[in-house]
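[1] okay, here's the prediction I keep looking at, along with the sequence it came from:
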Amino acid sequence: MADTTTTNLGLTKPEVGASTDTWGGKINTDLDTIDALFDAGPLLKVTKGGTGVGTSTGTGNNVLSASPTLTGTVAAAAATLSGNLTLSGGTANGVAYLNGSKVVTAADTLTYGGSGGNLTVGANGTAGNFETGAGGYGLVLSMTNVGPKNAIRSINNTEKKLFINDSAGGFTEILTYIDGSEATRLTSTGLGIGTSSPSVKLEVKAGNGGQMALNNDGSQYTTALWQNNGTSKVEAYWDQTNTLFAIGPTAASSKLVFQTAGSERARIDSSGNLLVGTTGLDGRFRVEVDGVTWARTTNHQNSGTQYFDSFRYNGTQIGAIRGDNSNVTYATSSDYRLKENIAPMTGALATVAQLKPCTYTWKIDGATGQGFIAHELQAVVPDAVVGEKDAVNEDGSIKAQGIDTSFLVATLTAALQEAHGLIKNLETRISALEAK
């Protein structure tokens with residue numbers, strides 16, 4: 001029967017019945033092998049089929065019992081734990097770190113004192129740096145003074161806030177960079193985007209193109225609000241559904257004012273009246289000028305019939321100013337379909353006989369004129385006159401009457417026809433008398 005070996009250490013088991021002379025050498029070799037498992041210290045080192053524990057390093061795995069207790073020093077180039085590692089020293093609920101002797105230690109704070117800065121975690125009020133990255137800046141949180149300063153502060157779940165601040169007043173600016181260039185800067189004055197010195201709470205600076213965009217993911221409104229103490233005062237919005245842009249104040253009795261060179265040029269008051277060059281109101285639309293030739297100019301570039309103004313009542317046109325390439329027509333409604341009880345005018349000659357045409361001069365500049373006195377004409381042809389005799393405005397100024405002499409055309413035409421009839425009658429009578 002030949003010699004055999006043990007399973008784990010490969011020790012020689014001499015053949016039973018073999019010469020005793022050979023047993024001594026084989027047993028001595030086995031003892032040397034077993035002795036090599038131990039050194040002068042108290043630690044076990046395994047060099048065959050396992051990881052070294054002690055002063056030597058082996059390969060493979062070293063399997064410990066379910067809950068081993070290790071004392072002294074444990075060294076490994078790389079170790080993987082599938083269970084829990086419990087340190088007998090240190091502070092409960094603390095952190096594990098390497099002390100000055102490169103021994104894993106547990107404590108309630110974590111401080112790294114190597115070159116390049118300090119890493120301090122859990123030391124409230126202690127100066128220190130938290131820096132990552134090599135050669136550049138990955139993340140640097142630096143507070144050099146003891147006190148209530150916070151570079152980044154996370155509040156508990158009750159408040160649910162995140163602060164990036166310096167409560168002691170040391171910080172003056174917060175900057176962000178993209179691709180090596182400054183993108184934003186927050187100062188005590190405001191937030192600057194594209195500028196390093198904002199002069200208001202929000203200042204956006206960019207080249208040609210859009211400096212700011214308001215984008216609404218909804219189907220209708222995109223809105224911007226200007227508020228005072230939380231109350232909206234001015235609103236601007238785009239209505240996608242009705243394709244319109246609206247802007248204006250929202251407060252009662254407010255007005256929208258347009259300025260150039262620091263001076264008001266026009267306004268829309270709270271009732272929707274448009275005032276140009278004036279703040280006073282005597283109609284829905286008023287234009288007041290000073291130092292220019294024309295108060296209003298209407299330029300139509302279409303050939304043929306051109307409509308300059310349309311006058312309407314409840315949406316129906318009652319008059320218009322229109323023209324062609326050479327003339328202007330002032331028209332008022334006169335369609336037969338708008339009239340009833342139509343009859344020939346009579347007594348027109350007697351009416352004309354009551355008219356008092358006159359000449360006069362205007363008080364304002366002494367210019368001469370000819371026409372009628374309003375209240376005298378009103379007594380004869382009231383349709384041709386507007387206003388009341390001697391009426392005054394609230395401030396006592398004259399509320400002048402006005403006349404439209406175009407309303408005399410029909411009366412004058414009828415009177416001329418009556419006169420023509422009389423003349424023809426007289427001609428007939430004279431002819432008859434001359435024939436005798």
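    Noted; the coordinates are in hand.
[2] so which bits of stretch 250-268 are buried?
    By neighbour count on 16 or more other CB atoms under 10 Å, the buried set for stretch 250-268 is 266-268. Every C-beta, even on glycine, is put in place using the N, C-alpha and C of the backbone.
[3] again, but for stretch 416-430
    Result for stretch 416-430 [16+ other CB under 10 Å]: buried residues Glu418.
[4] and stretch 303-312, by the same measure?
    Gln306.
[5] how about stretch 371-379?
    372-374, 377-378.
[6] which secondary structure element of the chain has the lowest mean pLDDT?
    Counting by mean pLDDT, DSSP states H and E, the chain has its least confident helix or strand at strand 128-132, which shows a mean of 50.
[7] sorry, back to before: in strands only, show me the buried residues of stretch 371-379.
    Within these, no residue falls in strands by DSSP state E.
[8] looking at those, which is nearest Ala236?
    Distance to Ala236 across the buried residues of stretch 371-379 (CB to CB) is lowest for Ala374, with 48.1 Å.
[9] quick check: closest non-adjacent residue to that closest one.
    In space, and not counting its chain neighbours, Ala374 is closest to Gln401: 3.7 Å by CB to CB, 6 or more residues apart in numbering.
[10] so that neighbour sits right up against Asp390, yeah?
    No: here Gln401 does not reach Asp390: they are 9.1 Å apart, not a contact under CB atoms under 8 Å.
[11] can you list the weak-confidence ranges in the stretch 151-300 of the chain?
    Across the stretch 151-300 of the chain, the ranges flagged by pLDDT under 70 are 151-171, 210, 219, 282-284.
[12] Ala400 touches Val386, doesn't it?
    No: the criterion here is CB under 8 Å, and Ala400 misses it with Val386 at 9.7 Å.
[13] that older thread, out of the buried residues of stretch 371-379, which comes closest to Phe285?
    For these, the nearest to Phe285 is Ala374 (24.9 Å; CB to CB).
[14] tell me how far the closest one lies from Ser326.
    Separation of Ala374 from Ser326 (CB to CB, to the nearest Å) stands at 33 Å.
[15] before we move on, what about Val381?
    32 Å.
[16] quick one: which of those two has more around it?
    A direct count of neighbours by other CB atoms under 10 Å for Val381 and Ser326 places Val381 higher, at 19 against 5.
[17] tell me the contacts of that one?
    351, 355, 407-408, 411 (CB atoms under 8 Å, 6 or more residues apart in numbering).
[18] look up how far Leu408 lies from it.
    6 Å.
[19] cool, and Asn28?
    Noted for Asn28: a distance of 153 Å to Leu408, by CB to CB.
[20] more neighbours: those two, which one.
    Neighbour count, other CB under 10 Å: between Asn28 and Leu408, Leu408 has more, with 20 against 10.
[21] mean confidence for stretch 342-353?
    Mean pLDDT, stretch 342-353: 95.
[22] meant to ask about stretch 31-44
    64.
[23] go on, stretch 359-366?
    Computed over stretch 359-366, the average pLDDT equals 95.
[24] now do the end-to-end distance for that stretch.
    12 Å (CA to CA, to the nearest Å).
[25] can you check stretch 360-370 too?
    Taking CA to CA as the criterion, the two ends of stretch 360-370 lie 6 Å apart.
[26] before we move on, what about stretch 289-306?
    End to end - CA to CA - stretch 289-306 spans 26 Å.
[27] what ranges do the strands span in the stretch 101-250 of the chain?
    Ranges of strands in the stretch 101-250 of the chain, per DSSP state E, counting those that start in this stretch, are 104-107, 110-112, 119-121, 128-132, 139-143, 153-154, 162-163, 173-178, 181-187, 191-193, 202-204, 221-228, 231-239, 244-249.
[28] now do the contacts for Thr189.
    Contacts of Thr189 were listed using CB under 8 Å, 6+ apart, and they are 198-201.
[29] need those in TSV (columns: neighbour count and distance to Asp179).
    Below are those laid out as TSV (neighbours: other CB atoms under 10 Å; distance: CB to CB, whole Å):
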residue	neighbour count	distance to Asp179
Pro198	21	21
Ser199	10	26
Val200	9	27
Lys201	8	27
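[30] would you check which pair of the residues you listed lies furthest apart?
    Ser199 and Lys201 (9.5 Å).
[31] now do the shared contacts for these two.
    189-190.
[32] what about Ser397, distance to Gly280?
    12 Å.
[33] re the thing from before, now, which of the contacts of Val381 sits nearest Leu214?
    Phe407 (55.7 Å).
[34] quick check, the closest one in contact with Val380.
    No: the criterion here is CB under 8 Å, and Phe407 misses it with Val380 at 11.2 Å.
[35] those two: which is more packed in?
    Val380 (18 against 15).
[36] which residues touch that one?
    Counting by CB under 8 Å, 6+ apart, Val380 has contacts 351, 354-355.
[37] out of those residues, which are inside helices?
    Judged by DSSP state H, the subset of the contacts of Val380 located in helices is 351, 354.
[38] with distance to Thr293 and neighbour count added, can I get the contacts of Val380 in TSV?
    Shown next, in TSV, are the contacts of Val380 (distance: CB to CB, whole Å; neighbours: other CB atoms under 10 Å):
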residue	distance to Thr293	neighbour count
Thr351	41	18
Gln354	41	11
Leu355	36	17
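[39] make TSV out of the contacts of Val380 and add distance to Val287.
    Below are the contacts of Val380 laid out as TSV (distance: CB to CB, whole Å):
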residue	distance to Val287
Thr351	38
Gln354	39
Leu355	35
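[40] nearest to Arg312, out of the contacts of Val380: which one, please.
    Thr351 (31.7 Å).
[41] was I right to think that closest one contacts Ala410?
    No: counting by CB under 8 Å, Thr351 stays clear of Ala410, with 10.4 Å between them.
[42] overlap in contacts, those two.
    With contacts taken as CB under 8 Å, 6+ apart, Thr351 and Ala410 have no neighbour in common.
[43] where does the closest residue to Arg286 other than its chain neighbours land in three-state SS?
    Nearest residue to Arg286 in three dimensions, chain neighbours excluded: Leu275, at 5.2 Å (CB to CB, 6+ apart). Secondary structure assignment for Leu275 (DSSP: H, G, I helix; E, B strand; the rest coil): strand.
[44] what bridges to Leu275?
    Beta-bridge pairing for Leu275 (DSSP bridges): Arg267, Arg286.
[45] for the protein, what's the longest helix?
    Ranking each helix of the chain by length (DSSP H) puts helix 409-434 first.
[46] count of neighbours near Ile364?
    6.
[47] again with Trp362
    9.
[48] with Pro14 instead?
    19.
[49] contacts only, for it.
    3, 22-23, 26-27.
[50] distance check, it against Asp35.
    From Pro14 to Asp35 the distance is 19 Å (CB to CB).
[51] repeat that for Gln211.
    Gln211 is 85 Å from Asp35, by CB to CB.
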